[in-house]
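The sequence and its predicted three-dimensional model are supplied below.
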Amino acid sequence: MDEKACFPTAICGVSGRQVFDSRANPTVAAQVRLRCGATGEAMVPSGASTGAFEARELRDGGEPFGGKGVTRAVSHVKGALAQALTGLDADDQLAVDRAMLDADGTESKSRLGANAILALSLASAKAAAAARELPLYRWLGGAAACTLPLPMMNILNGGAHAGNNLDVQEFMIVPVGAKRFSQAMEMGVAVYHSLGRLLRERGLSTAVGDEGGFAPDLPGDEEALALLCQAIEAAGYRPGQDLSIALDAAASEWSQGDGYRLPKRGQPFTPGELAEYWCGLCGRWPIVSLEDPLGENDFAGFAALTARLGGRVQIVGDDLFVTNPARLRQGIEVGAANAVLVKPNQIGTLSETAETVSLARQNGYRAILSHRSGETEDTSIADLAVGLSAGQIKTGAPARSERVCKYNRLLAIEEELGRRATLGRLGR
Ligand SMILES: C=C(OP(=O)(O)O)C(=O)O
Ligand SMILES: [Mg+2]
């Protein structure tokens, strides 16, 4: 690469370091410096219920950190990837990302690590935005970037994110009646507090899971849903009108043989029984969004469930699509799901993330920007949600700073946009 490139947005410095996420696991931070002096820095998150088809994080193996260290990934940031990027124009995100994909040379980004590649992809975009003195969302989306995402707030945690007895990973509230993002936050926070009060009154645990939601033991899903509706009512709102419910089953975690077995309760389901179970729950409760109700290989099962429920419930593919345009295309062909969860670290570059969002939009699928269960104080996904006009975001409970920093960033963007700011809706 041309180390002497002298235009203002030429990449002239790349560095990285090992930092830590909200689960005390090491993760990658990267910095990019441009010839004009502008800089960008990003930190990448990490999942617990990861999909089998995600791009691969590079982890060290061995001690320290029980095999979770990222010193090799950081050395690639400073070595092979720095070499590939030096002299490139940070304005050209496609070229930046392509150079890193070429340097890695694998389908899964496993050689240099999706964690190393994504950290630089985001840091480069932030540096390019800074060179223009623009916020990241404006740099990505231009004048059209005025839609704040409708938040899905995970206030009751289970599955791989909590030590309680709930198998469903996420019970979320969605402030569907809010007119503005700041109002959506006020509503969500009120229900979070009201749920905490209900749990204390009933002598149930108010300990929290990985995403900041409460994680009590409860008799089952029906009781969890009833508790959420009671918390909504106790906060002075109407379930189904002011706030509705979204679930992430993360059912790939339940796969066993040709069917499913709930890891905590032990209950077996055939694929048909599990689909029937979701139809029953969605008929009885104000559920507007259902993520990963079936396993990550079951495109046909997703398509059948979408045909049955998709007219009134958002069916979201997370482990099914893994933010990968090729897997989303496969789903679109058969009508599997009607929404895609968008986790930049599942695919590993900003440009492929943006491609997934536009592919979804072109085909009438909704897009939901998402955090991971292991997070940092990096707020890029808030800017991405607005910049790519995703319309929805899920970034955990409105508690714990690695989640709240995304919400707070969106509040700042709403204020910056002033009267131009609108709020995404479920049906858009
Ligand atoms: C955020 C999620 O969890 P994780 O990051 O553990 O995959 C999810 O499954 O949607
Ligand atoms: Mg999920």
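That came in fine, so what should we check first? Ligands and ions are numbered 1, 2, ... in the order given.

List, one by one, the residues from the stretch 1-150 of the chain near ligand 1.
Residues of the stretch 1-150 of the chain lying close to ligand 1 (CB under 6 Å from any ligand atom) are 47-50. Glycine gets a C-beta too; all of them are placed from N, C-alpha and C.

before we move on, what about the stretch 201-350 of the chain?
248, 250, 318, 341.

Hmm, which of the residues of the stretch 1-150 of the chain next to ligand 1 is lowest in pLDDT?
Among these, residue 49 carries the weakest pLDDT, at 92.

wait, is that residue part of a strand?
No. Applying DSSP: H, G, I helix; E, B strand; the rest coil, one finds residue 49 to be coil, outside a strand.

Give me the phi and psi for it.
phi -100, psi 70 (degrees, to the nearest 10).

Next, count neighbours for it.
20 (other CB atoms under 10 Å).

before we move on, back to that, in JSON lines: the residues of the stretch 1-150 of the chain next to ligand 1, plus distance to ligand 2.
Output for those, formatted as JSON lines (distance: CB to the ion, whole Å):
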{"residue": "47", "distance to ligand 2": "8"}
{"residue": "48", "distance to ligand 2": "10"}
{"residue": "49", "distance to ligand 2": "6"}
{"residue": "50", "distance to ligand 2": "10"}
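
and which of the residues you listed is nearest to residue 220?
Taking CB to CB as the measure, residue 220 lies nearest residue 49 of those, at 20.1 Å.

correct me, but the closest one touches residue 169?
Yes. Shown here, residue 49 and residue 169 form a contact pair, counting by CB atoms under 8 Å, at 6.2 Å.

what sits in contact with each of the two?
Taking CB atoms under 8 Å, 6 or more residues apart in numbering as the contact rule, residue 49 and residue 169 both touch 159-161, 250, 253.

Now stretch 369-380: buried residues?
Neighbour counts using 16 or more other CB atoms under 10 Å place 369-376, 378-380 of stretch 369-380 among the buried residues.

what about it, near ligand 2?
No. Shown here: stretch 369-380 not in contact with ligand 2 (CB under 5 Å from the ion), separated by at least 7.3 Å.

Nearest residue to the closest residue to ligand 2 within the chain in space, please, no chain neighbours.
The chain approaches ligand 2 most closely through residue 318 (3.5 Å), counting by CB to the ion. Nearest residue to residue 318 in three dimensions, chain neighbours excluded: residue 341, at 3.9 Å (CB to CB, 6 or more residues apart in numbering).

quick one: whichever strand or helix holds the one you found near ligand 2?
Assessed by DSSP states H and E, residue 341 sits inside strand 339-342. No. Strand 339-342 does not reach ligand 2 (CB under 5 Å from the ion); its nearest approach is 5.9 Å.

any idea of the mean pLDDT for the helix or strand just after that strand?
Sequence-wise, the next helix or strand downstream of strand 339-342 (DSSP H and E) is helix 344-347. Helix 344-347 shows an average pLDDT of 98 in the prediction.

Which residues does whichever helix or strand comes after helix 344-347 contact?
Using DSSP H and E, the helix or strand that follows helix 344-347 in sequence is helix 350-362. Outside helix 350-362, the residues that touch it by CB under 8 Å, 6+ apart are 93-94, 97-98, 118, 121-122, 125, 140, 321, 323-325, 328-329, 332, 339-340, 342, 344, 347, 365-367, 384, 388-390.

One more pass at 6 Å, please.
93-94, 97, 121-122, 125, 323, 325, 328, 340, 342, 344, 347, 367, 388 (CB atoms under 6 Å, 6 or more residues apart in numbering).

Check stretch 250-269 too.
49, 159-160, 165, 167, 169, 270, 274, 292-296, 319.

correct me, but the residue nearest to residue 318 touches residue 319?
No. Using CB atoms under 6 Å, residue 341 makes no contact with residue 319, being 8.7 Å away.

Overlap in contacts, these two.
Joint contacts of residue 341 and residue 319 (CB under 6 Å, 6+ apart) do not exist.

how about the residues of the stretch 201-350 of the chain that lie near ligand 2?
Residues of the stretch 201-350 of the chain lying near ligand 2 (CB under 5 Å from the ion): 248, 318.

And the helices in the stretch 201-350 of the chain?
221-234, 271-284, 299-309, 325-334, 344-347, 350-362 (DSSP state H, counting those that start in this stretch).

Highest mean neighbour count out of those helices?
helix 344-347 (a mean of 28; mean count of other CB atoms under 10 Å).

and the closest residue to residue 166 other than its chain neighbours, how many neighbours does it have?
Residue nearest to residue 166 in three dimensions, not counting chain neighbours: residue 158, with 2.8 Å by CB to CB, 6+ apart. Using other CB under 10 Å, residue 158 has 29 other residues around it.

Does residue 158 touch residue 171 like I think?
No. Contact criterion CB under 6 Å: residue 158 and residue 171 do not qualify, at 7.3 Å.

now for the residues of the stretch 1-150 of the chain next to ligand 1, which pair is the farthest apart?
48 and 50 (7.1 Å).

Neighbour count: the two, which is higher?
Neighbour count, other CB under 10 Å: between residue 48 and residue 50, residue 50 has more, with 20 against 17.

Which pLDDT value belongs to residue 3?
64.

Could you list the residues in contact with stretch 270-287?
Contacts of stretch 270-287 (CB under 6 Å, 6+ apart): 225, 239-240, 244-245, 259-260, 293, 301, 305, 309, 313.

and which of these is nearest residue 416?
residue 244 (28.3 Å).

which residue sits closest to the closest one, ignoring its sequence neighbours?
Residue 244 sits nearest to residue 288 (CB to CB, 6+ apart), 4.2 Å away.

so how far is residue 191 from that neighbour?
According to CB to CB, to the nearest Å, residue 288 and residue 191 sit 15 Å apart.

So between these two, which is more surrounded?
Between residue 288 and residue 191, residue 191 has the larger neighbour count (other CB under 10 Å), namely 26 against 21.

isn't that one right next to residue 236, touching?
No. Assessed by CB under 6 Å, residue 191 is found out of contact with residue 236, at 9.6 Å.

what's the spacing between stretch 309-327 and its chain's center?
13 Å (CA atoms, centre = their mean, to the nearest Å).

who's in contact with residue 97?
Residue 97 touches 121, 349, 351, counting by CB under 6 Å, 6+ apart.

The strand holding residue 341: partners in the sheet, and parallel or antiparallel?
Strand pairing for strand 339-342, using DSSP bridges, gives strand 314-317 (parallel), strand 366-370 (parallel).

Pipe the buried residues of stretch 369-380 into JSON lines and attach distance to residue 135, secondary structure and pLDDT per row.
Output for these, formatted as JSON lines (distance: CB to CB, whole Å; DSSP: H, G, I helix; E, B strand; the rest coil; pLDDT from 0 to 100):
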{"residue": "369", "distance to residue 135": "16", "secondary structure": "strand", "pLDDT": "98"}
{"residue": "370", "distance to residue 135": "21", "secondary structure": "strand", "pLDDT": "98"}
{"residue": "371", "distance to residue 135": "19", "secondary structure": "coil", "pLDDT": "98"}
{"residue": "372", "distance to residue 135": "23", "secondary structure": "coil", "pLDDT": "98"}
{"residue": "373", "distance to residue 135": "27", "secondary structure": "coil", "pLDDT": "98"}
{"residue": "374", "distance to residue 135": "26", "secondary structure": "strand", "pLDDT": "98"}
{"residue": "375", "distance to residue 135": "21", "secondary structure": "coil", "pLDDT": "98"}
{"residue": "376", "distance to residue 135": "19", "secondary structure": "coil", "pLDDT": "98"}
{"residue": "378", "distance to residue 135": "15", "secondary structure": "coil", "pLDDT": "98"}
{"residue": "379", "distance to residue 135": "11", "secondary structure": "coil", "pLDDT": "98"}
{"residue": "380", "distance to residue 135": "11", "secondary structure": "helix", "pLDDT": "98"}
